[in-house]
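Engineer: Provided below are the primary sequence and the corresponding predicted coordinates.
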Amino acid sequence: MEQIDLKKIRSLIKESSNTLVFTNRNSFYTNEFDKLLVDSPDPDKNKITFYNDFEINPKIEDISKALCHLDQDNHDLIVGIGGGTPLDFAKAFCYFKEFDKKEVNDLMELVKKPVEITKKTSLALIPTTCGSGSEATEFSVIYYQKKKFSLSVSSLLPDYYLLDGVFIESLPRKILAFTALDSITHATESFWSKNATQKSKEIAIKSLRLSHENLEKAFIHNDKQALNNLLEASNLAGQAINITKTTAVHALSYYLTTYYSIPHGQAVGNLLPYLIEINSNNKDYNEMFSAFDCNTASEYKTKIILLLKNLNIYLDLEKIIDNVEELVDSVNIERLANNPIDLNREQLLSLFTHHHKG
């Protein structure tokens, strides 16, 4: 996995005879791709195909359709550019295309029992948001029958990734806020995960410091260096969760996105305060609190809530969620197992009966 710059990605595309680009439907258009990435493309030598026929939270059916539609094209470079969805989709497509399988049931078998492969096609990922960290992980989020699954195999790691603030300069403020909160949540959950190592903790702390020091500068002033720093923070948080995986916050979040259409970053950001104090009981998280200029779990929770309000993305979840029992019963068991303390159903229910506002 190699970090590259604009010059290198332009060179890769120019050297490729057939590039396939996965991107968002509404956020990154062909002319922007040409302007930013392609150095005098020759349509006779450098075929570039764009594909965006998938939902924000991609279903396995979307991947099946792409495999059928794009099957006969012999691509030598795949590029994912956008937020977490097109990056995850590019990783999944690059993986699944190595198998002679296109049917949904066959693909789900590979999700549940992944097989390591050697990719035959180079993969480059370019984030245009500052939250998912997908370019640094071996995970790809896939939905099937309204349930979230994580395809997890080292073959999903890209060959190249590019971090450049130019790609998020025009990002709508709300998207910047949503994705930055996803990054902060990734770093927090990685730090306290049962699977945390000294290395993952150091990476998570660096990510949190960068987010804390740069988010408001980026949000209010669109400061170029601050935007670059947020991209780095997101990438570091991705590296951290690639070691540890996420915990209870993410385990609860998928229900909010699936049934209430709350964007993922906003969902995890607003769930984070509910878990901070209970996960900090009898734990030494001083280093994590310090990264956000705090001394206690209570202060950290209050700062996160204040940040959500300052960014205009705060939600009173207790007023929004109609059925807390349904939320708790939907929890992702795999992610919940990584939580620093074991939480039973009654404890999860109690989180939403004690008002947490700071």
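Structural biologist: Perfect, I can see it now. Keep in mind that what you see is a predicted model, and the values were worked out from it rather than measured. Residues are numbered from 1 along each chain as shown.

Engineer: doesn't residue 22 lie inside a strand?
Structural biologist: Yes - per DSSP: H, G, I helix; E, B strand; the rest coil, residue 22 lies within a strand segment.

Engineer: just give me the neighbour total for it.
Structural biologist: The criterion is other Cβ atoms under 10 Å. On that basis, residue 22 has 29 neighbouring residues. Every C-beta, even on glycine, is put in place using the N, C-alpha and C of the backbone.

Engineer: same thing with residue 1?
Structural biologist: Neighbours around residue 1, by other Cβ under 10 Å: 13.

Engineer: for it, which non-adjacent residue is spatially closest?
Structural biologist: In this structure, residue 1 finds its nearest non-sequential neighbour in residue 157, 5.3 Å apart by Cβ to Cβ, 6 or more residues apart in numbering.

Engineer: repeat that for residue 160.
Structural biologist: residue 124 is the one closest to residue 160 (Cβ to Cβ, 6+ apart), at 4.1 Å.

Engineer: and that neighbour, that one's in a helix?
Structural biologist: No - counting by three-state DSSP, residue 124 falls outside a helix, being strand.

Engineer: picking up where we left off before, ok, the residue nearest to residue 1 - contacts?
Structural biologist: 1, 137-138 (Cβ atoms under 8 Å, 6 or more residues apart in numbering).

Engineer: kindly recompute the last result at 10 Å.
Structural biologist: By Cβ atoms under 10 Å, 6 or more residues apart in numbering, the residues touching residue 157 are 1, 91, 119, 123, 125, 135-139, 242.

Engineer: what does residue 258 give?
Structural biologist: 57, 143, 146-148, 267, 330.

Engineer: average pLDDT for the strand or helix carrying it?
Structural biologist: Secondary structure assignment for residue 258, by DSSP states H and E: helix 248-260. Mean pLDDT, computed over helix 248-260, is 95.

Engineer: excluding sequence neighbours, find me the nearest residue to residue 311.
Structural biologist: residue 177 (3.9 Å).

Engineer: give me the buried subset of the contacts of residue 157.
Structural biologist: 91, 119, 123, 125, 135-139, 242 (16 or more other Cβ atoms under 10 Å).

Engineer: identify, from those, the entry nearest to residue 10.
Structural biologist: When those are ranked by distance to residue 10 (Cβ to Cβ), residue 125 comes first, at 15.5 Å.

Engineer: report the contact partners of the closest residue to that closest one other than its chain neighbours.
Structural biologist: Distances taken as Cβ to Cβ, 6+ apart place residue 135 nearest to residue 125, at 4.0 Å, with adjacent residues excluded. Taking Cβ under 10 Å, 6+ apart, we find residue 135 in contact with 1, 3, 80, 84, 87, 90-91, 123-127, 157-158, 160-163, 231, 234-235, 238-239.

Engineer: what is the burial count for residue 333?
Structural biologist: 7.

Engineer: how near is the closest residue in space to it that isn't next to it in sequence to residue 338?
Structural biologist: In space, residue 333 comes closest to residue 251 once its chain neighbours are excluded; the distance is 7.5 Å by Cβ to Cβ, 6+ apart. From residue 251 across to residue 338, the span is 8 Å (Cβ to Cβ, to the nearest Å).

Engineer: please apply the same query to residue 134.
Structural biologist: 18 Å.

Engineer: looking at the two, which one has more neighbours?
Structural biologist: Ranked by neighbour count (other Cβ under 10 Å), residue 134 and residue 338 place residue 134 first, with 31 against 21.

Engineer: I'd say the more buried one and residue 140 touch.
Structural biologist: Yes - at 7.8 Å, residue 134 counts as touching residue 140 under the criterion of Cβ atoms under 10 Å.

Engineer: overlap in contacts of those two?
Structural biologist: Contact criterion Cβ under 10 Å, 6+ apart; residues shared by residue 134 and residue 140: 84, 87-91, 156.

Engineer: measure stretch 331-350 end to end?
Structural biologist: In stretch 331-350, first residue to last residue: 14 Å (Cα to Cα, to the nearest Å).

Engineer: this structure: strands as residue ranges?
Structural biologist: Along the chain, counting by DSSP state E, strands occupy 2-4, 18-23, 47-51, 77-82, 122-127, 139-144, 147-152, 160-162.

Engineer: so which elements touch the fifth one?
Structural biologist: For strand 122-127, the packing partners by 3 or more Cβ pairs under 10 Å, 6 or more residues apart in numbering; DSSP states H and E come out as strand 2-4, helix 6-15, strand 18-23, helix 30-37, strand 77-82, helix 84-96, strand 160-162, helix 224-244.
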